[in-house]
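Trainee: sequence and predicted structure are below.
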Amino acid sequence: MKKSLGISLLLTLGVGVTAALLLATTSRPQGVNAGEPARSDAAPSRPGQTLTLLSDGRWLLVGGNGPAGPVATAALWDPQTHTLTLYGVVDVTGTLTINGPSVSVTITTPGQNARLTFSGTASQQVTVRLTSNTIGTVTVKLFKPDTTALTSTTSNAANFNLATQTLPTTGTYTVVVDPSGTNTGSLTVSVTSP
């Protein structure tokens, strides 16, 4: 396996937030595919970090776990210009109500997600509805109270829905909006029955 030369960079981004990056001098670490978890021979060595090759040749590095727990950062590495751009990432949060008003979500930082919660009752049917999408390609997931996924879809449509679901248990459900790559923008989320 061919190894590429690189430089190691350790940056402190705030109290308890440190980014450790190995920046390869080649445009793409050998054997790494877009969307794969990062490997120590390819790029960042932080456990749980996601490394994604973008269509323009840049690499998006998101999250991971540091000594103090999850690290809320993203970095964009451009191997052509040898430029590293760091982003402090704070997910958007909010609360939805079944058959209540929609909630506007604005994603302003690459790597940022939105997490919206709502209370549901066992056997209740719900549909998560998304409108006015300016983000482009986005994955939307509905998580059960035990944090396992109930359903998800990826779309770049202006308006789309998750498949209607019958809630398996009473509790707090979470809708996660995860833009593709470095996409930013806004959309509106609501939950109806059905």
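Mentor: Received, thanks.

Trainee: can you pull the domain assignment for the chain?
Mentor: Under the assignment automatic domain parsing, the domains of the chain span 6-88, 92-192.

Trainee: which one of those domains has the lowest average pLDDT?
Mentor: With a mean of 61, domain 6-88 has the lowest mean pLDDT of the domains of the chain.

Trainee: hang on, the earlier thing: how about the domains of the chain in TSV, adding mean neighbour count?
Mentor: The way it works is simple: take the backbone N, C-alpha and C, and place the C-beta from them, glycine included. What follows is these, written out as TSV (neighbours: other C-beta atoms under 10 Å):
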stretch	mean neighbour count
domain 6-88	15
domain 92-192	17
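
Trainee: who does residue 107 bridge with?
Mentor: residue 185 (DSSP bridges).

Trainee: ok now do it, which residues does it touch?
Mentor: Going by C-beta atoms under 8 Å, 6 or more residues apart in numbering, residue 107 touches 92, 113, 114, 135, 177, 179, 183, 184, 185, 186.

Trainee: would you agree the second one is in contact with residue 180?
Mentor: Going back to what we said before, that points to residue 113. No - the pair residue 113 / residue 180 is not scored as a contact, 11.4 Å apart, by C-beta atoms under 8 Å.

Trainee: from residue 114, how far off is residue 121?
Mentor: Per C-beta to C-beta, to the nearest Å, residue 121 is found 24 Å from residue 114.

Trainee: same question, residue 166
Mentor: 24 Å.

Trainee: again, but for residue 81
Mentor: Residue 81 is 30 Å from residue 114, by C-beta to C-beta.

Trainee: cool, residue 58 as well?
Mentor: Distance from residue 58 to residue 114, by C-beta to C-beta: 23 Å.

Trainee: and if you look at residue 135?
Mentor: Counting by C-beta to C-beta, the gap from residue 135 to residue 114 is 10 Å.

Trainee: what sits in contact with each of the two?
Mentor: Listed contacts common to residue 135 and residue 114 are 107, 177; contacts here mean C-beta under 8 Å, 6+ apart.

Trainee: which residues touch the residue nearest the centre of the chain?
Mentor: The residue lying closest to the centre of the chain (C-alpha atoms, centre = their mean) is residue 178, at 4.3 Å. By C-beta under 8 Å, 6+ apart, the contact list for residue 178 reads 113, 138, 139, 140, 141.

Trainee: and it, which of the three is it?
Mentor: strand (DSSP: H, G, I helix; E, B strand; the rest coil).

Trainee: tell me the bridge partners for the nearest residue to residue 155 once chain neighbours are set aside.
Mentor: Closest residue in space to residue 155, ignoring its immediate chain neighbours: residue 138 at 6.7 Å, by C-beta to C-beta, 6 or more residues apart in numbering. Beta-bridge partners for residue 138, by DSSP bridges, are residue 155, residue 179.
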